[in-house]
Each structure stands twice: as C-alpha cells, then as structure tokens.
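Q: coordinates only, sequence not included:
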C-alpha cells in the first residue's frame, strides 16, 4: 500500500492493496485527518482510493468507522473508490463511494 | 405431503417451550453457578470450584450466543447441579465422587462448549403469506450473520463467504456498522 497524506488539503491518496496488513496505517492516516488537523478548511476529508487494486473486510471497516467519525465531527467524508473497493463494500452490504450513507438500495424486506 | 397444520403448531410450540425452559435455565444458572464457584473457592471447596468453573464457562457462552440452547444443554446443566451436590457431600465426609462419571460429564460440557466459531448465523424462514399456494411460494430466509471478533485475524474472509451465499439464489445483503468502535480505539484485525 502507498499512502499520501496532504496535510494542507486534508486529502488522502492511497494506492495498492488495502488489506488487513494495511488497515492500521489507513486507520492512523484517517485519524490524523480527523483529529490532528481539525482546522482544515473546508471541513472535508477526501479519500482517493481510485488506484486501490484490492480491499478486504478489515480495511473496509476502517473506512466505515472513518466515515461515521467524520460525520460525528461535522466533516464531510468523500471517497473516490475503485471497483475493488466498491465490490468489497457491496459484497458485505455497504456502499462506500461518495458521501452516501445507508444501504445501496432501499429494499422493503420487512417480513 | 402436507402435515396437519395443528400438528405442526403443536410440534413448534413444544420446541419453543423447550427453548424457553433451556434459556431461562441457563440465564438463572449462570449466576447460581458463578456464586457456587466463588464461594466454594473462598471456603476451600476446591474440587467444587474447579468443576463449577467449566459449567460457568459454558453458560457464559450461552449468554453470549456462541453456544445454542438445546435439550442436551439442559440435561448437562441439571446433571452438573447434581454433580455439585455430590462433590459438596464428599467434601463434608460423604462418599467420594465417582471420578469416571464426573469426567464423562465434563466431556459433555466440553463438547457443548466448543472453541469459538468464526461467526454466528441465525437463519429463520420468513412466515409464509396466506395468499400464496405452497407451489408458487418462494422460500425466503432471513440470515443474521455476526462475525466472531477473531474472524479476520484467523484468516476468515466474509467477502468470499457472502459470494458463495449469493450463488444459492437471489440475495440482498445489508451491512450493519453500528457496533464499530471509534477509529481511535479500533483494533484493525478485530471485527
């Protein structure tokens, strides 16, 4: 995994494989965006994952926690995900791209 | 062949009551066994404490949902209570307990109290709607999946699991991230 964290813009660019070994680095980078640079304006965290070629559940849960924590901190959280990332998210019932929250499709599956 | 609906109901009611009994027993039982273990150990009834510890561990797993309630569970809990009576009597000068039979009971406890599985799945069949005949009714299953926290670190991959599940039929997957810890506290190999 390759990680570039722009402290001025709050933009995080990641390429390579986001797996369980990379998950903690991802976590630390997101934390830095969230906690250590609260004054970044505009209050947007841009996560560029367009060059990520593999993503597993461990990395995905970090992204999901990051999105939730960002919202709680009043920051927008924008993800530009590659197919590898959206496929993993979709396989586990999540949607990670853009700033959307909630399941990909609203389905009336109440029994 | 369609079973008689009333018979089906009676059978289901029977099963449900057995489950209620076992659940209640295990929830109440946990505290009681815990107390016996603690006090037994404090007053020097080491055999009692050691034996009770195994049962308590099993009941803890039942409370956590990693071990399911079953008829065998109920039987083991009742047999364990009897065994503790015998151990207490033995400790007070009564006849010594039969070691092989205690070992056999512990083996049943261990059998139920298997090592944590990678995940817990609860599947239930959606209730059949009345305006459909059995022939055109599509079976729908609601599957609740909760990974064991160690699933990822042990190499488990939920993505592959769900991919296989999708092959079985139309599948809508809804993720739940509500229980994720804060980023600052998250252990990334725990799910």
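A: That came through fine. Quick caveat, the model's predicted, so the values are computed rather than measured.
Q: where exactly do the helices run in chain B?
A: B:5-42, B:46-64, B:71-91, B:99-112, B:158-166 (DSSP state H).
Q: residues touching residue A:96, list them.
A: A:60, A:63-64, A:67, A:79, A:81, A:85-86, A:89 (Cβ atoms under 8 Å, 6 or more residues apart in numbering or on different chains). Any C-beta I mention is one placed from the backbone N, CA and C, and that applies to glycine too.
Q: Which ones among those map onto strands?
A: Within the contacts of residue A:96, residues falling in strands by DSSP state E are A:79, A:81.
Q: could you pull out the helices for chain A?
A: Using DSSP H, helices in chain A cover A:23-31, A:57-72, A:83-91.
Q: what does the last one rub up against?
A: Read that as helix A:83-91. Contacts for helix A:83-91 (Cβ under 8 Å, 6+ apart): A:18, A:49, A:52-57, A:59-60, A:63, A:79, A:81, A:95-97, A:104, B:159, B:162-163, B:173, B:175.
Q: Quick one: buried ones out of those?
A: For those, a burial check counting by 16 or more other Cβ atoms under 10 Å in any protein chain shown picks out A:18, A:49, A:52, A:54-57, A:59-60, A:63, A:79, A:81, A:95-97, A:104, B:159, B:162, B:173, B:175.
Q: Residue B:61: neighbour count?
A: 17 (other Cβ atoms under 10 Å in any protein chain shown).
Q: sorry, back to before: in TSV: the helices of chain A, plus distance to residue B:46.
A: As requested, those are exported to TSV (distance: least, Cβ to Cβ, whole Å):
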stretch	distance to residue B:46
helix A:23-31	44
helix A:57-72	43
helix A:83-91	51
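Q: Residues of chain A that sit close to chain B?
A: Counting by Cβ under 8 Å from any Cβ of the partner chain, the residues of chain A close to chain B are A:20, A:23-24, A:26-27, A:30-31, A:34-35, A:56-58, A:61-62, A:64-66, A:68-69, A:88-94, A:103, A:105, A:107, A:109, A:111.
Q: For the nearest residue to residue B:153 once chain neighbours are set aside, which residues are in contact?
A: Leaving out its chain neighbours, the residue that sits closest to residue B:153 by Cβ to Cβ, 6 or more residues apart in numbering or on different chains is residue B:189, at 4.2 Å. Counting by Cβ under 8 Å, 6+ apart, residue B:189 makes contact with A:20, A:23, A:58, B:152-153.
Q: Tell me how far residue B:189 lies from residue A:49.
A: Noted for residue B:189: a distance of 20 Å to residue A:49, by Cβ to Cβ, to the nearest Å.
Q: With respect to chain A, which of the helices of chain B lies nearest?
A: Checking those against chain A by Cβ to the nearest Cβ gives helix B:158-166 as the closest, at 4.7 Å.
Q: quick check, distance from stretch B:60-80 to the centre of its chain.
A: From the chain centre to the centre of stretch B:60-80 is a distance of 6 Å (Cα atoms, centre = their mean, to the nearest Å).
Q: Now that stretch: buried residues?
A: Buried-residue list, stretch B:60-80, by 16+ other Cβ under 10 Å: B:60-62, B:66-67, B:69, B:73-74, B:76-77, B:79-80.
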